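S.K.: Turn this into a model:
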Amino acid sequence: DMAYKNYGDTCIFCGDDKSCGTFLDLGNASRRGADSFVVYSLYRVNYNDIRLHCIHLTEDFIDIGFGKYVEIVDGVMKNVKFDGKIRIADMGAGKGYLTFALYEYLTQKCKYDIAMEGVEIRPDLVVKINEIIKEFNMKDFRFVESSIESYACQQDNKISNSLTLDVLIALHACNTATDDAIIKGVESGAKLIICAPCCHKQIRQEMEKSKVVDAITRYGIFMERQAVMITDTIRALILEYFGYKTQVMEFIEMEHTPKNVLLVGRKTNEPSAEEKEAVLKEINNLKERYGIEKHYLEKVFVMNNEQ
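M.R.: Here you go, the predicted model:
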């Protein structure tokens, strides 16, 4: 538990004001690409500083912008009424950089009573991270080996017959993996769905195949950007169809990554039949205008007997 004090904008280990790649000697850490143990240790001793000064110890910390991320999640959670323990699933959690940070922030800083699962398909990462969780005796926290599509929520160390979640998170789940995560959120009745979409390939392929172009999409770079906007717009509309109040916001500065859009859905009242019909009309108009046969997320309608 080395003291970690920093009240300025420079690194206390090297004095630099930019990424220096310095790590605390807390395990198998290389100069670049810290493992979860190091990330957690750095965050744990510094969670009281909301601005998280000096997190530029590695460029990865800058790129993912997790200080801003945990503040945003905390902010949207404050607008949701939870009953009892809050069940959170982080889809495609990888090495757990953000999963550990969010767990620590919500339990230590915000004093939430949570049960968190990181969902990761790579078994070696799941084993390693669960060892870290056990070493630090972190309660109601585990990683599970699963794809997003086949994930089943674990409760009391048993697979639940029905998926019940309060908060679903998916950050940079590639292409349609974001849609699979949204489907899990809708199925589980999650009160809050938070996604940072990544690699919008499916809709662009649909647009290219149809060869329907307009004054914007005839230019390749604009085609790509328009595909991104259409993909996430339809996602937001489908969430609205299922009774979620949606927000789209920027959570990372563009200079760090262009993948900086955060899609947030907060469960509210079930929309009326007329409101649902209006949403479907908007979706169909977008698809017709850009020659899109189907958005991958539309399969949620079939799975929920909506169409």
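S.K.: tell me the mean pLDDT for stretch 197-213?
M.R.: Average pLDDT, stretch 197-213: 81.
S.K.: So what touches it?
M.R.: Contact with stretch 197-213 is made by 172-176, 178, 217, 223-224, 226-228, 230-232, 234-235, 259, 261, 263, 289-296, as judged by CB atoms under 8 Å, 6 or more residues apart in numbering. For every residue, glycine as well, the C-beta is placed using N, CA and C.
S.K.: Swap in 6 Å and give it another go.
M.R.: With contact meaning CB atoms under 6 Å, 6 or more residues apart in numbering, stretch 197-213 is reached by 172, 174-176, 178, 227-228, 230-232, 259, 290-293, 296.
S.K.: With stretch 287-306 instead?
M.R.: Taking CB under 6 Å, 6+ apart as the rule, stretch 287-306 contacts 176, 179, 183, 186, 202, 206-207, 210, 212, 234-235, 238, 307.
S.K.: now do 8 Å
M.R.: The contact list for stretch 287-306, computed with CB under 8 Å, 6+ apart, reads 176, 179, 182-183, 186-187, 202-203, 206-207, 209-212, 214, 217, 226, 230-231, 234-235, 238, 241-242, 283, 286, 307.
S.K.: hmm, which of the residues you listed are the buried ones?
M.R.: Listed as buried from the contacts of stretch 287-306 are 176, 179, 182-183, 186-187, 202-203, 206-207, 217, 226, 230-231, 234-235, 238, 241-242, 283, 286; burial here means 16 or more other CB atoms under 10 Å.
S.K.: In helices, which of these appear?
M.R.: Using DSSP state H, 179, 182-183, 186-187, 202-203, 206-207, 226, 230-231, 234-235, 238, 241, 283, 286 are the members of the buried ones among the contacts of stretch 287-306 that sit in helices.
S.K.: Wasn't Arg142 part of a strand?
M.R.: Yes. Counting by DSSP: H, G, I helix; E, B strand; the rest coil, one finds Arg142 located in a strand.
S.K.: what's the distance between it and Tyr69?
M.R.: From Arg142 across to Tyr69, the span is 21 Å (CB to CB, to the nearest Å).
S.K.: Please say which of these two ends up with more neighbours.
M.R.: More neighbours surround Tyr69 than the other of Arg142 and Tyr69, with 22 against 16 (other CB atoms under 10 Å).
S.K.: so where does that one fall, helix or strand?
M.R.: Assigned by DSSP states H and E, Tyr69 belongs to helix 66-77.
S.K.: Next, the buried residues of the next helix or strand after that helix.
M.R.: With elements assigned by DSSP H and E, the helix or strand that comes after helix 66-77 is strand 86-91. By 16+ other CB under 10 Å, the buried positions in strand 86-91 come out as Ile86, Arg87, Ile88, Ala89, Asp90, Met91.
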